[in-house]
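My questions concern the predicted model and sequence given below.
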Amino acid sequence: MTDILTQKQAPASVNADAMSATKESLEDYTLRFAPRSYRKWSAGVVATSALGGIAYLADFSIGANIGIAYGTVNAILGIVVAAVIIFATGFPLAYYAARYNIDLDLITRGSGFGYYGSIVTNVIFATFTFIFFALEGSIMAQGLELGLGVPQWIGYAVSTIIIIPLVIYGMKTLATLQVWTTPLWLLLMVVPVGYLVISHPESIDSFFAYTGEAGAGGPNLASVMLAAGVCLSLMAQIAEQIDYLRFMPPKTAENNGAWWRAVILAGPGWVLFGAIKQIVGLFIAIYLIANLDPAASVHANEPVHQFLGVYQEMMPAWLAMTLAVVLVVISQIKINVTNAYSGSLAWTNSFTRITKTYPGRMVFVVVNLVIALILMESNMFDFLNTILGFYANCAMAWVVTVASDIAINKYLLKISPKVPEFRRGMLHAVNPVGFVSMLVSAGVSIAVFFGAFGASVQPYSPIFAVALALILPPVLAIATRGRFYLRRTDDGIDLPMFDADGNPSDRKLLCHVTGLEFERPDMLRSGQDGPDGGPQYISSLALSTDKAGAYVLPAQR
């Protein structure tokens, strides 16, 4: 085994797609396990970087929209309901990403979907990234128009183009950007809210008394669920958090406390910050409507107008305008570099698996941003509640299905393999446990959302999505006796997968296709033996571009 571990000469025949994918993904580990040799950040830096990605201003718009529509009480209850569901379902996903250093697509493959079955969830996630990129880009365009007189259609283009150079270099650049911009962002957001509460305490009474356009007054279950449905569209945000959490350092006895704090805070904990921002957005919107100008409701759901209105009470108009625009621009850049980055990973992952060809991640950065720009130019901001309410059903179906498989099928029923598997050849192409569960829960909840079962049931589509996605995976796992999880149980390598602390091993093996070394969890024995008849090894990435399937091990009976 020693010569295999240390040999580094290039192979006689090199797969061009595998080499292209390997070289480009060495920066951000697209499509694959993130090795220990690259994960040099502390738990605190990873958590700060991950939370920097939730600097988006869409929460302020979402809170304002649902509050204006359903009233303060119903909006807050809806926000709380959504936050509880998002936190509970996000926890097992965040733990798996941090513990095993893989992104949500790789987790999804081994959590009931199969090697090709998770492609549909990648499309759901990619959709999330360009919807929210477009939303944040629209907000930035509003700020540029208000502060600098830039026409919105030009603002849309500027907010798109400015992101491209920031996304090219992957995780290292994103981590630096998030860490350095977060203090200024927090200052610009927190100070005006604190000022409003202290200098205008009466605004708190107005806030809780606001009944919305419906004027319902007290709590109304249908309104609460409609509000929750819009907030639940953010459920897929956990996938973007995981794109950072997969770079967590190994969990040891020395860093156990810091490790868990980082995982919880930057994983499912993102929703606590999101819920606060939604409530703050509603609070400022109601203040503008009730205390400054009743006609302000026209723009009260636009964050740049929200913060400008408060800034103007604190300082000269020119400074207020400057800070409002700066806040919008910083927020848009912080979240949209993450949207562009994560969306490109999702598209690249799907395309590579389907075609066995790696076109380069930057191709899909451009694809994702073009789709987002089209949405912006189509003025999607005016249809925000409808777009997010519809999308929420797909996001919930996916995330809750995966969470159900991890929590119930892996840990309670022990039908699903506890250690996540993502490598080609080890998994069946499609696993009906997760794949069917997601399709059924999404299909039924979308039908409910569009009124297929009557107007009285329509507001409760989130309940259908969550309940079906929670119940169906264990039902199908029991019905299929777990036959479709693993195609093989042995990857052909006689080295332990984990170290003494249960972390993925950092032992390295030579990939005979690329001539590069990869850490043990990323490797399999190749289906093609060496010239001397001995075993050869191949990385999961090189295996994903194997068009002929010559390197894929046969299924085990």
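Arrived safely.

and the next element down the chain from the top helix by length along the chain?
Taking DSSP state H as the criterion, the chain has its longest helix at helix 317-355. Remark: after helix 317-355, the chain's next helix or strand is helix 361-377, criterion DSSP states H and E.

in that next one, what's buried?
Using 16 or more other CB atoms under 10 Å as the test for burial, helix 361-377 gives 361, 364, 365, 367, 368, 369, 371, 372, 373, 375, 376. For every residue, glycine as well, the C-beta is placed using N, CA and C.

what are the ranges of the helices in the stretch 451-557 of the chain?
461-480, 540-544 (DSSP state H, counting those that start in this stretch).

Enumerate every residue touching residue 404.
437, 469, 470, 471, 472, 473, 474 (CB atoms under 8 Å, 6 or more residues apart in numbering).

Take the helices of the stretch 451-557 of the chain and lay them out in CSV including mean neighbour count.
Supplementary listing: these in CSV, determined by neighbours: other CB atoms under 10 Å:
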stretch, mean neighbour count
helix 461-480, 22
helix 540-544, 25
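
which of the ones you listed has the lowest average pLDDT?
Here the lowest mean pLDDT among the helices of the stretch 451-557 of the chain goes to helix 540-544, at a mean of 87.

which helices and strands does that one pack with?
In terms of contacts (3 or more CB pairs under 8 Å, 6 or more residues apart in numbering; DSSP states H and E), helix 540-544 is packed against helix 16-25, strand 523-525.

How far away from the center of its chain is it?
Here helix 540-544 shows a centroid-to-chain-centroid distance of 23 Å under the convention CA atoms, centre = their mean, to the nearest Å.

what stretches of this structure score poorly on pLDDT?
1-31, 53, 168-179, 181, 214-217, 292-298, 380-385, 557 (pLDDT under 70).

what about the strands in it?
508-510, 517-519, 523-525, 537-539 (DSSP state E).

Next, count neighbours for residue 354.
Residue 354 has 10 neighbours, counted by other CB atoms under 10 Å.

Tell me how far the closest residue to it other than its chain neighbours lies from residue 246.
Counting by CB to CB, 6 or more residues apart in numbering, residue 119 is the residue found nearest to residue 354 once chain neighbours are left out, at 6.7 Å. Residue 119 sits 19 Å away from residue 246, going by CB to CB, to the nearest Å.

Pick out whichever of those two has more residues nearby.
Between residue 119 and residue 246, counting by other CB under 10 Å, residue 246 is the more crowded of the two (25 against 21).

got a list of what the residue nearest to residue 76 when sequence neighbours are not counted touches?
Leaving out its chain neighbours, the residue that sits closest to residue 76 by CB to CB, 6+ apart is residue 279, at 6.3 Å. Each residue near residue 279 by CB under 8 Å, 6+ apart is listed here: 63, 76, 79.

For these, could you give me TSV that also reports distance to residue 285 and neighbour count?
Formatted as TSV, these follow (distance: CB to CB, whole Å; neighbours: other CB atoms under 10 Å):
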residue	distance to residue 285	neighbour count
63	8	32
76	13	23
79	14	28
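
Pick out whichever of those sits closest to residue 32.
residue 79 (36.3 Å; CB to CB).

how close does the closest one get to residue 258?
According to CB to CB, residue 79 and residue 258 sit 29 Å apart.

from memory residue 120 sits against residue 436, does it?
No - the criterion here is CB atoms under 8 Å, and residue 120 misses it with residue 436 at 11.3 Å.

Quick check: the two most widely separated of the contacts of residue 404?
Pairwise over the contacts of residue 404, using CB to CB, the maximum falls at 469 and 474, 11.1 Å.

Mind jotting down where the helices sit in the stretch 1-150 of the chain?
In the stretch 1-150 of the chain, the helices defined using DSSP H, counting those that start in this stretch lie at 2-6, 16-25, 43-52, 58-70, 72-100, 104-108, 119-148.

ah, wrong one, I meant the stretch 201-350 of the chain
202-209, 221-231, 237-245, 256-266, 270-287, 303-314, 317-355.

Go through the shortest one and flag the buried ones.
When burial is assessed from 16+ other CB under 10 Å, helix 202-209 yields the following buried residues: 203, 206, 207.

Does the last one touch residue 72 like I think?
Spelled out, it's residue 207. Yes - the criterion here is CB under 8 Å, and residue 207 meets it with residue 72 at 5.8 Å.

what do the two both touch?
The contact lists of residue 207 and residue 72 share 282, 286, where a contact means CB under 8 Å, 6+ apart.

Next one: residue 246 from residue 97, what distance?
5 Å.

between those two, what contacts are shared?
residue 103.

Distance to residue 92 for the buried residues of helix 361-377 - can I get that in CSV?
Output for the buried residues of helix 361-377, formatted as CSV (distance: CB to CB, whole Å):
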residue, distance to residue 92
361, 28
364, 28
365, 30
367, 31
368, 27
369, 32
371, 30
372, 30
373, 35
375, 32
376, 35
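
what's the closest of those residues to residue 155?
Nearest member of those to residue 155, counting by CB to CB, is residue 376, at 8.7 Å.

Count the residues that sit near the nearest residue to residue 243 once chain neighbours are set aside.
Nearest non-adjacent residue to residue 243, counting by CB to CB, 6+ apart: residue 342, 4.9 Å away. Residues within reach of residue 342, counting by other CB under 10 Å, total 29.

Hmm, residue 125 and residue 342 touching each other?
Yes - contact criterion CB under 8 Å: residue 342 and residue 125 qualify, at 7.3 Å.

Now do the shared contacts for those two.
Common neighbours of residue 342 and residue 125, counting by CB under 8 Å, 6+ apart, are residue 239.

on that earlier part again, among the strands of the chain, which is the most enclosed?
Mean neighbour count (mean count of other CB atoms under 10 Å) peaks for strand 537-539 among the strands of the chain, with a mean of 28.
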